[in-house]
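Student: I would like the atomic coordinates for the input below:
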Amino acid sequence: MRNTLLGAFALLLAAAILPGAASAATNVNGNAVTKVVARVSADIAQGTLTYAPLAGSVININVPAGGDTIIATFTAECLLAGNTDPGSNWVEMRIVDNGTPILPTSNINTPLAFCSDKNSASHSVQVVKRLTPGAHKINVAWRIRKGNGDTLSASLDDWSFTILQAD
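Tutor: Coordinates of the predicted model:
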């Protein structure tokens with residue numbers, strides 16, 4: 001585990017200091033924060049094997065002409081009970097705009113693993129997106145990714161979902 005973490009850190013460090021060391025990143029910029037909206041809950045949500053919206057996580061945003069940039073952050077305590085193989089089973093997380101997952105939570109081939117442990121611990125994911133003018137429904141969706149025969153149950157609680165909107 002330690003070697004895996006050190007290797008991941010080395011890759012991130014190389015990407016940060018070596019020009020051209022990583023694939024191209026997308027710049028998403030904004031100006032002054034004009035609005036902050038948050039949802040919080042201490043309720044326990046139970047996971048399923050298919051993506052489902054997290055109850056209570058919907059935030060509706062109206063974007064003026066010219067567009068706005070959002071920074072959306074989701075934080076929760078998460079656990080995956082019954083997991084004997086964290087390499088095969090985990091909880092996947094997406095932040096969704098009008099039904100479409102926002103990068104980096106939208107990659108089908110490498111979904112965002114939120115947690116895989118039987119011990120409840122806090123985890124967080126953050127996305128940034130430039131939104132087009134109009135109405136946007138932003139929410140959290142999640143599921144249990146089951147890769148082996150384990151009998152799994154997942155839960156989220158003590159969560160917050162916050163959006164910063166900038167022009």
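
Student: show me the contacts for S41.
Tutor: 56, 157-160 (CB atoms under 8 Å, 6 or more residues apart in numbering). The C-beta positions use only the backbone N, C-alpha and C, and glycine is treated the same way.

Student: who wins for neighbours among those?
Tutor: Among the contacts of S41, the one with the most neighbours (other CB atoms under 10 Å) is W159, at 24 neighbours.

Student: what sits closest to that one if chain neighbours are left out?
Tutor: Leaving aside its chain neighbours, W159 sits nearest to A76 (3.5 Å; criterion: CB to CB, 6 or more residues apart in numbering).

Student: same question, T162
Tutor: In this structure, T162 finds its nearest non-sequential neighbour in A38, 4.2 Å apart by CB to CB, 6+ apart.

Student: do the same with G87
Tutor: In this structure, G87 finds its nearest non-sequential neighbour in G147, 7.8 Å apart by CB to CB, 6+ apart.

Student: neighbours around that neighbour, how many?
Tutor: 12.

Student: distance of the residue nearest to T162 from F74?
Tutor: Noted for A38: a distance of 11 Å to F74, by CB to CB, to the nearest Å.

Student: those two: which is more packed in?
Tutor: Between A38 and F74, counted using other CB under 10 Å, the more crowded position is F74 (26 against 11).

Student: give me the next element, helix or strand, following the lowest-mean-pLDDT helix or strand in the chain.
Tutor: Of all helical and strand segments in the chain, the minimum by mean pLDDT, DSSP states H and E falls on helix 2-17, at a mean of 35. Once the chain leaves helix 2-17, the next helix or strand it forms, by DSSP states H and E, is strand 33-41.

Student: nearest residue to the middle of this protein?
Tutor: By CA atoms, centre = their mean, the chain has its centre lying nearest to V125, at 4.0 Å.

Student: that one contacts C78, doesn't it?
Tutor: No - contact between V125 and C78 fails when scored by CB atoms under 8 Å: they sit 10.6 Å apart.

Student: joint contacts of those two?
Tutor: Contact criterion CB under 8 Å, 6+ apart; residues shared by V125 and C78: F114.

Student: good, wrapping up.
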